[in-house]
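J.: Predicted structure and sequence below. I'll ask about it afterward.
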Amino acid sequence: MRRPLIMGNWKMNGSSMANESLLTGLISQVSSLQGVDIAVCPPAVYLGQVLELVSGTSIDVGAQNLSEQKSGAFTGEISGDMLRDLGVTYTLVGHSERRSLYGETNELVAAKTLKALEVGLVPVLCVGETLEERKSSQMDAVLAGQINAVIELCGADTFGQIIVAYEPVWAIGTGETATPQQAQDAHAFIRGLIAAQSPAIAERVTILYGGSMNEKNAAELLAMADVDGGLVGGASLKADSFATICKAAAE
Ligand code: PGA
């Protein structure tokens, strides 16, 4: 069985004070939960603070991005080795905001995924279609392009170490969530893409849903067979909301 993972993506939000109060509230509510993995992805400048605040708890920490380069003259970038050095476990790669606002292509996202794997970070590969792509029946081709670029560069077997997050772009930060059936269909399609190369690995890969998941809709999304957890933006900034989602995924 795949173990559920609930991951908070704080995006460019937070402050030293806000992070501390958010995590204090969260830790008190989730520390006794069983059967669920929990992680938060703060802005890079707060990774050290957050790692300290969650140390000794069951909460893991992820980065929101990493460089595809190893080290050197890449001003403003952060390497996978640095993230590992700090004690970070996961890193998002190819979040739709990185793809749409910062020009990250499927090839660059694949290169970042490979770099994360090389340094021992767990990449959380974000994929998803825009509303136009869904309406014009391009959704399958878009998802296939995003997943297959990683299969081509890294090999299908690496999906044994990769987590996938299906995040329909039209559902991110909009309050409009995919229906449980829409999420299930997309997740099953993604699992099928991996199964076409490596059926055993496909059964094991954790596929998160992201896009306006909140304390009200989490349970019905998480009940779907191929939805193995959530990547939560807005609702992860409130301890009570995020804790309720974690509880919905727990045993
Ligand atoms: P949202 O963001 O939950 O605020 O829609 C999800 C994400 O972008 O990861």
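T.: Nice, I can see it. The structure displayed is predicted, hence computed values, not measured ones. Residues are numbered from 1 along each chain as shown.

J.: Kindly provide the distance from R2 to D37.
T.: R2 sits at a distance of 11 Å from D37 (criterion: C-beta to C-beta, to the nearest Å). No exception for glycine: its C-beta is placed from N, CA and C like everyone else's.

J.: between these two, which one's more packed in?
T.: D37 (20 against 13; other C-beta atoms under 10 Å).

J.: Near the ligand, which residues of the stretch 51-200 of the chain? Just list them.
T.: E167, I172, G173 (C-beta under 6 Å from any ligand atom).

J.: gap between the helix or strand where L108 lies and the chain center?
T.: Using DSSP states H and E, L108 maps to helix 106-119. On the basis of C-alpha atoms, centre = their mean, to the nearest Å, helix 106-119 sits 14 Å off its chain's mean C-alpha point.

J.: And for stretch 210-228?
T.: The chain centre lies 14 Å from the centre of stretch 210-228; the measure is C-alpha atoms, centre = their mean.

J.: now stretch 98-117
T.: On C-alpha atoms, centre = their mean, the centre of stretch 98-117 falls 14 Å from that of its chain.

J.: Mind listing what's buried along that stretch?
T.: 98-99, 104, 106, 108-117 (16 or more other C-beta atoms under 10 Å).

J.: can you pull the contacts of the nearest residue to V150 once chain neighbours are set aside?
T.: Closest residue to V150 apart from its sequence neighbours, by C-beta to C-beta, 6 or more residues apart in numbering: A110 at 4.7 Å. By C-beta atoms under 8 Å, 6 or more residues apart in numbering, the contact list for A110 reads A149, V150, E152, L153, C154.

J.: ok, now with 7 Å
T.: By C-beta atoms under 7 Å, 6 or more residues apart in numbering, the contact list for A110 reads A149, V150, L153, C154.

J.: Please tell me the pLDDT value assigned to the residue of the stretch 101-250 of the chain found nearest the ligand.
T.: Per C-beta to the nearest ligand atom, G233 is where the stretch 101-250 of the chain lies closest to the ligand, at 2.2 Å. Note on G233: pLDDT of 98.

J.: roughly how far apart are the residue sitting furthest away from the middle of the chain and the ligand?
T.: Computed with C-alpha atoms, centre = their mean, the residue of the chain farthest from its C-alpha average is A73, at 28.1 Å. From A73 over to the ligand the distance is 31 Å, taken as C-beta to the nearest ligand atom, to the nearest Å.

J.: On the three-state scheme, that residue is what?
T.: Recorded secondary structure, A73: coil (DSSP: H, G, I helix; E, B strand; the rest coil).

J.: those strands in the chain, which residues are they?
T.: 5-9, 37-41, 59-63, 90-93, 122-127, 163-166, 207-210, 229-232 (DSSP state E).
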